[in-house]
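*Asks:* I need the structure of the sequence given here:
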Amino acid sequence: MSIAQEAELDLVEVAPNANPPVCRLMDFGKFMYTKSKRERQARKTQVKTEVKEIQLRPKTGEHDINFKLRDARTWLIKGSKVKVRVRFRGRERYIPEVGRDRLAEVAQRLDDVAIIEQAPSFEGRTMIMILAPNKVKS
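*Replies:* Numbers count the residues shown, from 1 in each chain. Predicted coordinates for the structure are as follows:
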């Protein structure tokens, strides 16, 4: 501690569980500043994937599905993931095959630009499937 006081530096315990504990002389403020700068730079270069969502119902019309799939296709080409949600109301919930068929149709129609990241699964009154963009651009 006397060496640290003479050099006007901080005594920082690096490995407290070691035998004997390991300490280091450094300017702690400068260390924290450079560490936060590195973290900020890492966050800047980090790639953030956005998750877009389309919602369907078991009785959604063909024209509406085409319209939503056109949007989903553009999102997938741009690199976003797409969450496809089929919402069930009332007694529709007891016939999940209809929703599963809808999701299979969506996956089949988008298979040129997307892969299935998460298979269709129930979450409450909705069935969800997540599509991720293909890595290979055509």
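
*Asks:* name the element A132 belongs to?
*Replies:* strand 126-133 (DSSP states H and E).

*Asks:* What is that strand packed up against?
*Replies:* Under the contact criterion of 3 or more C-beta pairs under 8 Å, 6 or more residues apart in numbering; DSSP states H and E, strand 126-133 touches helix 62-78, strand 81-87, helix 96-109, strand 114-123. In this view, the C-beta of every residue, glycine as well, is placed from N, C-alpha and C.

*Asks:* sec struct for the spatially most central residue of the chain, please.
*Replies:* Residue closest to the average C-alpha location in the chain (C-alpha atoms, centre = their mean): T49, at 5.8 Å. When classified by DSSP: H, G, I helix; E, B strand; the rest coil, T49 comes out as coil.

*Asks:* low-scoring pLDDT stretches of the protein, where are they?
*Replies:* 136-138 (pLDDT under 70).

*Asks:* Give me the buried stretch members for the strand holding A132, please.
*Replies:* Within strand 126-133, the residues scored as buried using 16 or more other C-beta atoms under 10 Å are M127, I128, M129, I130, L131, A132, P133.

*Asks:* With distance to Y33 as new columns, can the helices and strands packed on strand 126-133 be given to me in TSV?
*Replies:* Formatted as TSV, those follow (distance: least, C-beta to C-beta, whole Å):
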stretch	distance to Y33
helix 62-78	37
strand 81-87	36
helix 96-109	49
strand 114-123	39
